[in-house]
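[1] How does the following fold in three dimensions:
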Amino acid sequence: MNIDEAVTILSTLRLHHAIDEKESVGIKRPICITFGSPLVGDGGLRQAIAQRPQWESSFLNVVAKNDPVACYNSSSNTTFKPFGTFIFCTESGGHAAFDDEHSILQVLNAMKSLNAGESHVYDYTNILSSMRRKVLYHGDSELGEFNLNPLRAGITLRLREMEEKQIKMIRKKKMKNAYDASKKLNEMKISLTYMEWYMKTSREKGGYYDSYKNAIGKFELEKKNTIIKHQRRLNQYWKKFVEEKDIMPQKEGAKLRKRWLYGGTNYRRIVEPLDIADYYKKGKRNYIDNRPNHYKLRIMFSSEVELGKFLRSVDVIPEAYQAISEINSTVSTYKIHTTRFGINVLAFKCSPDFTTRFLEGKLDLVSSEKPHVLDFIPTKVISSFSINKAAVELFQDLGENLKELENKHINNSLIITGSGLGGYLAILSTLRLHHAIDEKESVSIKRPICITFGSPLVGDAGLRQAIAQRPQWESSFLNVVAKNDPVACYNSSSNTTFEPFGTFLFCTELGGHAAFDDEHSILQVLKAMKSLNAGESHVYDYTNILSSMRRKVLYRGDSELGEFNLNPLRAGIALRLREIGVSNAEIGIMEEKQIKMIKDMKRKNAYDDSKKLNDMKISLTYMEWYMKARREEGGYYDSYKNAISKEELEKKNTIIIHQRRLNKHWEKVVEEKDKMPQKEGAKLRKRWLYGGTNYRRIIEPLDIADYYKKGKRNYINNRPNHYKLLEKWSIEDNKSSKTSELKRNKAASLTEDSCFWAHVEEALIVLENGGSDDKFEDYVMGLIENYAVSAMFSWREVV
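    Sure, this is the predicted structure:
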């Protein structure tokens, strides 16, 4: 033992180095337990190991009070320094654990005086047995204390004075470090949020790179100066951070933790372009060769090449029409067709007799308020809508067999198509499938795409609004309309109550095409077509026009296609509207009105949404900082609820401002999302759901504190609705993504049950009234066993 232990330490260090060289997260680190090993190196070695937490935390040196070898290098003027954790023990089993060098050296110096002149090799067998009995005799309290905090484990009365001094020093250091680290991280989050906001609000002005590089106006220069402050702050922080991590072995330096890596990558992708702008604005060249080292260390190359939706659909559109053409029937019917790409197409065809009745004007609108009229279109957002009676009659005639077929293909990619009034059937079938997918609440099911050819407008403004409120529904509709198709523009007179939804692709026999998805432009084009096709009543064949359109795309190259991909609302406007039959004057008015409307709407939405999101991020960051900074003071729940001192009350008042701001924002968001069908309401986007869950787990405990501070009871029964819905949607999302099946192996960053403190408060009330609450104990133990309690949780907060 003893001297051999030094070899053990060096062997462990070499193993750590080998693991770092392999850069594998799957390899488990060794643990080094030595018995009476004397100090092995100086302050330089201690610092080198201390810089590598995964190394330092693996060393435990058990030292007996009467072991002369263990304290050999421990004189008052020694250059030897300890690292890792030291457990000092006595023959009676008393023991104390330390990992700060000053306390360890103090104890070793005391031992050296005690063992002066001794030189025997100490046998640890009996002392370890006594130590084990000591733990058993004292029950779990000492063991639990040791597990929770090795610095306080089983410290004896003889070392009480040293313990108190040591704990005070470490707490002070911990609080300072925790405050500095969380404050610094808080500032970086705020700065990065400002950068994201600047990036989004500059989108309409040529992008944030050009806006930053070429800022001229007073407002733009002021904005840029604000951003420069945050840019410099972020650069200073990340340069220092990367420099520190680069000192670490490759595994720790290059990989970082996921949290830092994600933040560093975001920082690089947002801030480096601005550094590049500054670089070239000064007339310099070859940035890549002179690139700052901290950016190079964190580089991640990615190539994201995404084909435009229209390019992918060039072959799909003719395939869809081909599926309709293959239906040989004189009655309204449907058929499943498989394309050469392996995609299933559900095609509908309407009987010629029914089309004649429709064109004779014998069928009008019918209200959704009538029984059995399309109950699969929810009316939570809009009280009622009206739909063409022809569509309702046709759809109801197809019966339950169609519904069974839809459900059979619900899990597969499906294109639903129809020409003329057959498009009505395709539209209603698609809407019913969307509703069924929402009912299943599964993110894995692919949404259907509906491609219709010359389908006349099917419903009024109420139907358009109901669908527009569901982006996943609205974005799935494409209506291809030929300039000379009289059926397509039938319901498009100037005084019509019919309104369009989805995207309309207008095309000519020469292959010219223009795409729109705003109602005003679509109605103007349909109105012009109606004048052009007055008196016509034939069923249009789209075969040739689709072929011409495909050739046109190929002949014209990428310019027109690029325009379409960049903005489908303006694609080919100047070139194609004349061919469709719209006059030059109407084109000019349409384009100006459309562009102005879209820009205004985008600018307003982009500014409002990004500013709002920016404000919420800042507020939540303040809450996270408050939560972490209160950790050493009994936890943020008690600090908030029982704030007394002037300083604490000032901090609480600041937090209340952010708390109210977050509550107001999320109450509104949840209210809006709850109006959507279950799928969209419950799932939100991942971004919103993640943000909502974080908000709930951080803020609701403070609302609970306010609730019980007012002397109220039974919070669970009076819980605000937006919290209940956010929790419900989070649970549903975990089920659908199967994350609930994954077992945790470490404590959650935030306690999963945001009502945890309500259970605590109710249990305390029961105990104060002389009762007992076994259910609460089971509840808490269940959370702990499932690692569902925050690492910040401690029994001190509860008891």
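
[2] switch to C-alpha atoms for all contacts and neighbour counts from now on
    Will do.

[3] Quick check: Leu505 is in a strand.
    Yes: using DSSP: H, G, I helix; E, B strand; the rest coil, the assignment for Leu505 is a strand.

[4] mind listing what it touches?
    Counting by CA atoms under 8 Å, 6 or more residues apart in numbering, Leu505 touches Leu478, Asn479, Val480, Val481, His513, Ala514, Ala515, Phe516.

[5] what two of the residues you listed have the greatest distance between them?
    With CA to CA as the measure, no two of those lie farther apart than Leu478 and His513, at 13.4 Å.

[6] Neighbour count: those two, which is higher?
    His513 (27 against 23; other CA atoms under 10 Å).

[7] beta partners of that one?
    Assessed by DSSP bridges, His513 has beta-bridge partners Cys507.

[8] okay but it is in contact with Lys483, surely?
    No: the criterion here is CA atoms under 8 Å, and His513 misses it with Lys483 at 9.6 Å.

[9] before we move on, back to that, could I get the contacts of Leu505 in TSV, plus columns for distance to Ile698 and pLDDT?
    Output for these, formatted as TSV (distance: CA to CA, whole Å; pLDDT from 0 to 100):
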residue	distance to Ile698	pLDDT
Leu478	43	92
Asn479	47	93
Val480	49	93
Val481	52	93
His513	52	77
Ala514	49	77
Ala515	46	79
Phe516	44	80
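
[10] before we move on, the earlier item: quickly list what's touching both of His513 and Lys483.
    Shared contacts of His513 and Lys483 (CA under 8 Å, 6+ apart): Phe506, Cys507.

[11] Glu439: how many residues sit nearby?
    12.

[12] thinking again about what came up before, what about burial for the contacts of Leu505, which qualify?
    Buried members of the contacts of Leu505, scored by 16 or more other CA atoms under 10 Å, are Leu478, Asn479, Val480, Val481, His513, Ala514, Ala515, Phe516.

[13] wait, doesn't Tyr542 sit right on Ala482?
    Yes: the pair Tyr542 / Ala482 is scored as a contact, 7.5 Å apart, by CA under 8 Å.

[14] And those two? Which one has more around it.
    Per other CA under 10 Å, whichever of Tyr542 and Ala482 has more neighbours is Ala482, with 26 against 20.

[15] residues contacting Ile232?
    Rather than Ile, residue 232 is Arg. Taking CA under 8 Å, 6+ apart as the definition, Arg232 has no contacts.

[16] quick one, domains of this structure?
    What automatic domain parsing lists as the domains of the chain is 3-155, 191-297, 309-582, 630-798.

[17] where's the closest residue in space to Phe86 that isn't next to it in sequence, which helix or strand?
    Spatial nearest neighbour of Phe86, excluding adjacent residues (CA to CA, 6 or more residues apart in numbering): Asn61 at 4.8 Å. Assigned by DSSP states H and E, Asn61 falls within strand 59-64.

[18] next one: Val481
    Val481 is part of strand 477-482 when elements are defined by DSSP H and E.

[19] go on, Ile731?
    Take DSSP H and E as the rule and Ile731 turns out to sit in helix 721-737.

[20] Low-confidence ranges, the stretch 501-650 of the chain, go.
    By pLDDT under 70, the weakly predicted segments of the stretch 501-650 of the chain are 551-611, 613.

[21] what about the helices in it?
    With helices called from DSSP state H, counting those that start in this stretch, the stretch 501-650 of the chain shows them at 519-532, 543-556, 558-566, 573-580, 584-629, 636-641, 646-674.

[22] What residues of the first one count as buried?
    Pointing back at helix 519-532 there. Buried residues in helix 519-532, counting neighbours by 16+ other CA under 10 Å, are found at Glu519, Ser521, Ile522, Leu523, Gln524, Val525, Leu526, Lys527, Ala528, Met529, Lys530, Leu532.

[23] Just confirm the fourth one contacts Ser492, I think it does.
    Yes: between Leu523 and Ser492 there is a contact under CA under 8 Å: 6.7 Å.

[24] Using CSV, please lay out the buried ones among the contacts of Leu505 together with distance to Tyr295.
    Below are the buried ones among the contacts of Leu505 laid out as CSV (distance: CA to CA, whole Å):
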residue, distance to Tyr295
Leu478, 44
Asn479, 48
Val480, 48
Val481, 51
His513, 46
Ala514, 44
Ala515, 42
Phe516, 43
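
[25] And the strand or helix carrying Met781, what does it pack against?
    Element membership for Met781, per DSSP H and E: helix 774-785. If you count contacts as 3 or more CA pairs under 8 Å, 6 or more residues apart in numbering; DSSP states H and E, helix 774-785 packs onto helix 756-768.

[26] buried sites along the helix it packs on?
    Phe756, Trp757, Ala758, His759, Val760, Glu761, Glu762, Ala763, Leu764.

[27] Turn those residues into JSON lines, columns for pLDDT.
    Converted to JSON lines, the buried residues of helix 756-768 look like this (pLDDT from 0 to 100):
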{"residue": "Phe756", "pLDDT": "89"}
{"residue": "Trp757", "pLDDT": "90"}
{"residue": "Ala758", "pLDDT": "90"}
{"residue": "His759", "pLDDT": "89"}
{"residue": "Val760", "pLDDT": "89"}
{"residue": "Glu761", "pLDDT": "90"}
{"residue": "Glu762", "pLDDT": "89"}
{"residue": "Ala763", "pLDDT": "87"}
{"residue": "Leu764", "pLDDT": "88"}
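
[28] Next, give me the two most distant ones among those.
    Every pair in those was compared (CA to CA); the two farthest apart turn out to be Phe756 and Leu764, at 12.6 Å.

[29] residue ranges with poor pLDDT in the stretch 51-200 of the chain?
    Low-confidence segments of the stretch 51-200 of the chain (pLDDT under 70): 133-183, 185-186.

[30] Quick one: the strands in it, in order.
    59-64, 80-81, 85-89, 95-98 (DSSP state E, counting those that start in this stretch).

[31] want to try a markdown table for the ones you listed, with mean neighbour count and distance to Lys370 as columns?
    Shown next, in a markdown table, are the strands of the stretch 51-200 of the chain (neighbours: other CA atoms under 10 Å; distance: least, CA to CA, whole Å):
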| stretch | mean neighbour count | distance to Lys370 |
| --- | --- | --- |
| strand 59-64 | 22 | 77 |
| strand 80-81 | 19 | 86 |
| strand 85-89 | 22 | 77 |
| strand 95-98 | 22 | 78 |
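
[32] Out of these, which is closest to Thr452?
    Closest among those, using CA to CA: strand 59-64, at 70.5 Å.

[33] can you list contacts of the closest one?
    9, 31-37, 70, 83-91, 124, 127.

[34] Also stretch 386-401?
    332-333, 358, 363-368, 373-374, 421, 424-425, 428, 458-460, 462-463.

[35] Which of these fall in helices?
    Phe358, Tyr424, Leu425, Leu428, Gly462, Leu463 (DSSP state H).

[36] low pLDDT regions in the stretch 351-500 of the chain?
    Within the stretch 351-500 of the chain, the segments meeting pLDDT under 70 span 362-363, 371-373, 378-383, 441-444, 494.

[37] again, only this time at 50
    Judged by pLDDT under 50, the stretch 351-500 of the chain has no weakly predicted residues.

[38] where do the strands sit along it?
    365-367, 386-388, 414-419, 449-453, 459-460, 477-482, 498-499.

[39] For Cys507, find the nearest of those strands.
    strand 477-482 (5.0 Å).

[40] partners of the closest one, with directions?
    Strand pairing for strand 477-482, determined by DSSP bridges: strand 449-453 (parallel), strand 503-507 (parallel).
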